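Student: what's the 3D shape of this:
(2 chains)
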Number of protein chains: 2
Amino acid sequence: MAVVNRRIVLAARPHGEPKPEHFRLEEGRTPAPQPGEVLLRTRWLSLDPYMRGRMSAAKSYAKPVEIGEVMVGQTVSEVVASENPAFAEGDLVLANAGWQEFAVSDGSGLRRLDPADGAPSQFLGILGMPGMTAYTGLLEIGRPQPKETVVVAAAAGPVGSLVGQIARIKGARAVGIAGGAEKCAYLTETLGFDAAVDHRANDFPDALARACPDGIDVYFENVGGAVFDAVLPLLNDFARVPVCGLVAGYNLSELPSGPDRSPVLMRAILTKRLTLRGFIVWDFAAMQDDFLRDVGGWLRAGRVKAREDVVEGLENAPAAFAGMLKGANFGKLVVKVA
Amino acid sequence: MAVVNRRIVLAARPHGEPKPEHFRLEEGRTPAPQPGEVLLRTRWLSLDPYMRGRMSAAKSYAKPVEIGEVMVGQTVSEVVASENPAFAEGDLVLANAGWQEFAVSDGSGLRRLDPADGAPSQFLGILGMPGMTAYTGLLEIGRPQPKETVVVAAAAGPVGSLVGQIARIKGARAVGIAGGAEKCAYLTETLGFDAAVDHRANDFPDALARACPDGIDVYFENVGGAVFDAVLPLLNDFARVPVCGLVAGYNLSELPSGPDRSPVLMRAILTKRLTLRGFIVWDFAAMQDDFLRDVGGWLRAGRVKAREDVVEGLENAPAAFAGMLKGANFGKLVVKVA
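Tutor: Below is the predicted model:
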């Protein structure tokens, strides 16, 4: 017996900011599971900046969503019917069900969640892909040493907030960049960052320099654009720059006007002997057990904190997603679907 | 008793290409060595692209030459008078005597050369700083694997030619970029490169793509500019880019016109998970013994070759140096001073 399924598909490829017309809410039917399959009901949908890349046809590390296809996304889903002996009704699983209420899966790629390990939605945030992005990129590429200065942007978001908190645990100085006084206060007062700088302030480059009197040894790059321009002159010799995102550029439909500043970047790489290295979290899949042990332990011990920004209802996902790309969210953005 | 010394000093800082008026040939006197000192006579002076950086006041990894100071440079020098028991008259040493005929040294930083290990001028090339730059950058940062494609520009020069030859020894495919048919033929016919591409050809980007049918896994960056623009789209996922020079930009007095292409570079770093890492040879000083053992051994066994471009007379150093920055040299550029 099929169930009625609401889903959000890609209606058109955006040039620039995603707008309502680039998405379409559809109603369809999801068939009953066949032998070996399970029927999943989406409880939580994760919204993450990488999804902007999937909306474009440009070549990247993953293939784009096609027009008319359901938007991709990780979910916490409940098994509501099972024809697969590995899963029982009522199981909570981490899935890639996308922006929809129901999905059928043959079980591959599902991971059963134990509610004792954390609140279900946390497996989309601090205990999931964003948390592991922070953990692996900072420790494997950034390699912060005691007393070094670690800077991260989008620092009130799920990746940046954990980058700064792990930097502190490793004995480094954590400086966060965020938009607005409220987020900056959250970084220093709630998360224990050593300093926070508002990138919307007129004197942002000077304020960042004042917050980093000994320069910058690790810059965890997830935004690019004007923030990176302010960071570059402050990088110390032998600084490391893990590059995991460039949110500021995701909506660019053309290159910024000149001059061409790429020689400035290359010259800095040479004369300061910088390391820039791009990564995605799955490049470090082998570190998953270490990640869950360390970050799970720190979370239970209260040494790291995570904040969520919850949106109610699948139909509100497109607007929330578009807002996130402009920094409107405060914490890990998740959609409560059911 | 002082000796008459001819020396070339920095007369003015160039904006753009170095010209004769930026240098001045002076005659002065070098005093007799005091106790603990030696008097050195320059036999060979090395000319290297990094010297262009020292002519500018811009911050870099080493302090600039001041106006009126002798141009810096590594030399093979002969001890012609010694008040230091560690050195005897007639010893050949590797020194940093600069662009001049005589210098006094307290012995610090001098390394005695054994003529049995190689021709003296080779210690300025394949057995010296350029050779070690190739060896350390390729093996420590580039880390070529068997069957991978390694691309290097300025490939007929002392660094590039060794990069390609070591890549071959490590089982990788070596593709050299050089200016003109004669240099390209030298790469494939004499040095054993798998392919050579002339960067002056009108279809250079296409020719490079044809020479790299499986993409590029290691790009040893020593020129920048248009060559790097052609390389970037061909880099494979997880490619490594040791950055040791940007000769194409050394004479730039302003940034290229727009658009600003740095977002293209950052996006490639992210989506292809590239590693770009700047270095100078002294960052790997601990590898000197390995370098001399390996490259010295390969050279004696005929597995690697080196070519020199010899200029006679100190007074011809400025013109030869300016020519080198435009690719006029063919092989390691050295000045026979005495």
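
Student: Does the closest residue in space to residue A:75 that isn't next to it in sequence lie in a helix or a strand, and which?
Tutor: Excluding its sequence neighbours, the residue lying closest to residue A:75 (CB to CB, 6 or more residues apart in numbering or on different chains) is residue A:97, at 4.3 Å. For every residue, glycine as well, the C-beta is placed using N, CA and C. Using DSSP states H and E, residue A:97 is not contained in any helix or strand.

Student: looking at this, residue A:40 is in a helix?
Tutor: No: with DSSP: H, G, I helix; E, B strand; the rest coil as the criterion, residue A:40 is strand rather than part of a helix.

Student: Can you name the helix or strand that the residue in the stretch 1-150 of chain A positioned nearest to chain B falls in?
Tutor: At 4.5 Å from chain B, residue A:60 is the closest residue in the stretch 1-150 of chain A, using CB to the nearest CB. In the assignment (DSSP H and E), residue A:60 maps to no helix and no strand.

Student: for residue A:150, same thing?
Tutor: Counting by DSSP H and E, residue A:150 is found in strand A:149-152.

Student: so, in contact with chain B or not, that strand?
Tutor: No: residues of strand A:149-152 contacting chain B under CB under 8 Å from any CB of the partner chain: none, with a closest distance of 15.7 Å.

Student: contact partners of that strand?
Tutor: A:138, A:142, A:144, A:159-160, A:163-164, A:167, A:172-177, A:208, A:212, A:214-220, A:222, A:231, A:234 (CB atoms under 8 Å, 6 or more residues apart in numbering or on different chains).

Student: Might you report the residue contacts of the one residue in the stretch 201-338 of chain A that gets nearest to chain B?
Tutor: Ranked by CB to the nearest CB, the top residue of the stretch 201-338 of chain A for proximity to chain B is residue A:258, at 1.4 Å. By CB under 8 Å, 6+ apart, the residues touching residue A:258 are B:255-260.

Student: try residue A:259
Tutor: Contacts of residue A:259 (CB under 8 Å, 6+ apart): B:254-258, B:260.

Student: same thing with residue A:46?
Tutor: Listed by CB under 8 Å, 6+ apart, the contact partners of residue A:46 are A:73-75, A:124-125, A:128-129, A:332-335.

Student: And for residue A:322?
Tutor: A:17-19.

Student: Am I right that the residue of the stretch 1-150 of chain A closest to chain B is in contact with residue A:53?
Tutor: Yes: between residue A:60 and residue A:53 a contact is recorded at 5.2 Å, counting by CB atoms under 8 Å.

Student: So for the two, which residues contact both of them?
Tutor: residue B:271.

Student: So those two - more neighbours on which side?
Tutor: Taking neighbours as other CB atoms under 10 Å in any protein chain shown, residue A:60 and residue A:53 compare with residue A:53 leading, 19 against 16.

Student: Could you tell me the phi and psi values at that one?
Tutor: Note on residue A:53: its backbone torsions stand at phi -60, psi -40 [degrees, to the nearest 10].

Student: just to revisit the earlier point, what is the most widely separated pair among the contacts of residue A:46?
Tutor: A:129 and A:335 (15.3 Å; CB to CB).

Student: okay, these two: which has more neighbours?
Tutor: Using other CB under 10 Å, the more surrounded residue of residue A:129 and residue A:335 is residue A:335, with 25 against 20.

Student: now that one, nearest residue through space, not along the chain?
Tutor: residue A:45 (4.2 Å).

Student: Just give the number of residues close to that neighbour.
Tutor: Residue A:45, neighbours per other CB under 10 Å, totals 29.

Student: Now render the contacts of residue A:259 as JSON lines, adding pLDDT.
Tutor: Shown next, in JSON lines, are the contacts of residue A:259 (pLDDT from 0 to 100):
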{"residue": "B:254", "pLDDT": "82"}
{"residue": "B:255", "pLDDT": "85"}
{"residue": "B:256", "pLDDT": "84"}
{"residue": "B:257", "pLDDT": "84"}
{"residue": "B:258", "pLDDT": "81"}
{"residue": "B:260", "pLDDT": "87"}
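
Student: So how do I select the buried members of those residues in PyMOL?
Tutor: If you want just the buried ones from the contacts of residue A:259 in PyMOL, going by 16 or more other CB atoms under 10 Å in any protein chain shown, the selection is:
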select buried, chain B and resi 256+260
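
Student: quick check, nearest of the contacts of residue A:259 to residue A:298?
Tutor: Comparing the contacts of residue A:259 against residue A:298 with CB to CB places residue B:260 closest, at 39.8 Å.

Student: picking that back up, top of the contacts of residue A:322 by neighbour count?
Tutor: Per-residue neighbour counts (other CB under 10 Å) across the contacts of residue A:322 peak at residue A:18, which has 21 neighbours.

Student: Could you check how far it is from residue A:6?
Tutor: Residue A:18 sits 19 Å away from residue A:6, going by CB to CB, to the nearest Å.
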